[in-house]
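Colleague: This is a predicted model, with the sequence first.
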Amino acid sequence: NAGVMQNPRHLVRRRGQEARLRCSPMKGHSHVYWYRQLPEEGLKFMVYLQKENIIDESGMPKERFSAEFPKEGPSILRIQQVVRGDSAAYFCASSPKGGYSPLHFGNGTRLTVT
Amino acid sequence: GQQLNQSPQSMFIQEGEDVSMNCTSSSIFNTWLWYKQDPGEGPVLLIALYKAGELTSNGRLTAQFGITRKDSFLNISASIPSDVGIYFCAGGDDKIIFGKGTRLHILP
């Protein structure tokens, strides 16, 4: 039973390029969360999605960041015109029922902006 | 907004010692979760708590959901080298937020 799959594991982008991070939830899970982690820090909530719906995006920066979870295919976190401050580990988690059910995490995508 | 205060930030202990860490929130939570993260990996769920006062064990780990629903603690008994890592508390409802972690070090 595959866990949460994130790819790529490492992504290097130059300033101004776009970064696309993918997350395939666990089988049977229809709720996806994205978190960002800086070195020596905790995980900061970014966005919570169900299939085709954004439920809570209160942690997303207002510009350059977007997320989707289409009916078919993985969830995508997209960062346009990346800047050095976007360098971080981005973790995706999924759950079967949303609130009140525990989150299962992938191993993250480490984004480095040069 | 909601905040989680996790303490201590780091712990240095001898192998075999018991460990205790806790988390407090600025608001009431309906779910408390405890995770462990190893370097280069995602957090792994240790214990999930859903009821105020609930006490749950997972092997040498025990966690409790505080009566006020604003706090939780995690205990690890008889620590072993593989317990080294970062422990995160997390809580909330639909949106789950995380504490900043407790870094556990075991002295040789």
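Modeller: Thanks, I have the structure now.

Colleague: make it CA atoms for all contacts and neighbour counts henceforth
Modeller: OK.

Colleague: Could you tell me the end-to-end distance of stretch B:73-84?
Modeller: For stretch B:73-84, the first-to-last residue distance is 18 Å (Cα to Cα, to the nearest Å).

Colleague: in it, what's buried?
Modeller: B:73, B:74, B:75, B:76, B:79, B:83, B:84 (16 or more other Cα atoms under 10 Å in any protein chain shown).

Colleague: tell me which of the residues you listed is nearest to residue A:10?
Modeller: Proximity of the buried residues of stretch B:73-84 to residue A:10 (Cα to Cα) peaks at residue B:84, which lies at 24.6 Å.

Colleague: who does the helix or strand bottoming out on mean pLDDT in chain B touch, helix- and strand-wise?
Modeller: For chain B, using mean pLDDT, DSSP states H and E, the weakest element among its helices and strands is strand B:96-98, scoring a mean of 90. Judged by 3 or more Cα pairs under 8 Å, 6 or more residues apart in numbering or on different chains; DSSP states H and E, the packing partners of strand B:96-98 are strand A:43-50, strand B:85-92.

Colleague: In TSV, list those strands along with mean neighbour count.
Modeller: Shown next, in TSV, are the helices and strands packed on strand B:96-98 (neighbours: other Cα atoms under 10 Å in any protein chain shown):
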stretch	mean neighbour count
strand A:43-50	23
strand B:85-92	26
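
Colleague: could those strands be laid out in a markdown table, adding mean pLDDT?
Modeller: As requested, the helices and strands packed on strand B:96-98 are exported to a markdown table (pLDDT from 0 to 100):
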| stretch | mean pLDDT |
| --- | --- |
| strand A:43-50 | 94 |
| strand B:85-92 | 93 |
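
Colleague: Nearest to residue A:69, out of these?
Modeller: Once those are compared by Cα to Cα, strand A:43-50 is nearest, at 6.5 Å.

Colleague: For chain B, what lies in contact range of chain A?
Modeller: B:30-31, B:33, B:40-45, B:48, B:50, B:88, B:93-101 (Cα under 8 Å from any Cα of the partner chain).

Colleague: do that again at 10 Å, thanks
Modeller: B:30-35, B:37, B:40-45, B:47-50, B:86-103 (Cα under 10 Å from any Cα of the partner chain).

Colleague: Of all the helices and strands packed on strand B:96-98, which one is nearest residue B:20?
Modeller: Closest among the helices and strands packed on strand B:96-98, once you apply Cα to Cα, is strand B:85-92, at 10.9 Å.

Colleague: That closest one - contacts with which helices or strands?
Modeller: strand B:4-7, strand B:19-25, strand B:31-37, strand B:44-49, strand B:71-76, strand B:96-98, strand B:102-107 (3 or more Cα pairs under 10 Å, 6 or more residues apart in numbering or on different chains; DSSP states H and E).

Colleague: how near is the residue nearest the centre of chain A to residue B:57?
Modeller: Relative to the mean C-alpha position of chain A, the nearest C-alpha, by Cα atoms, centre = their mean, is the one of residue A:34, at 3.6 Å. Residue A:34 sits 28 Å away from residue B:57, going by Cα to Cα.
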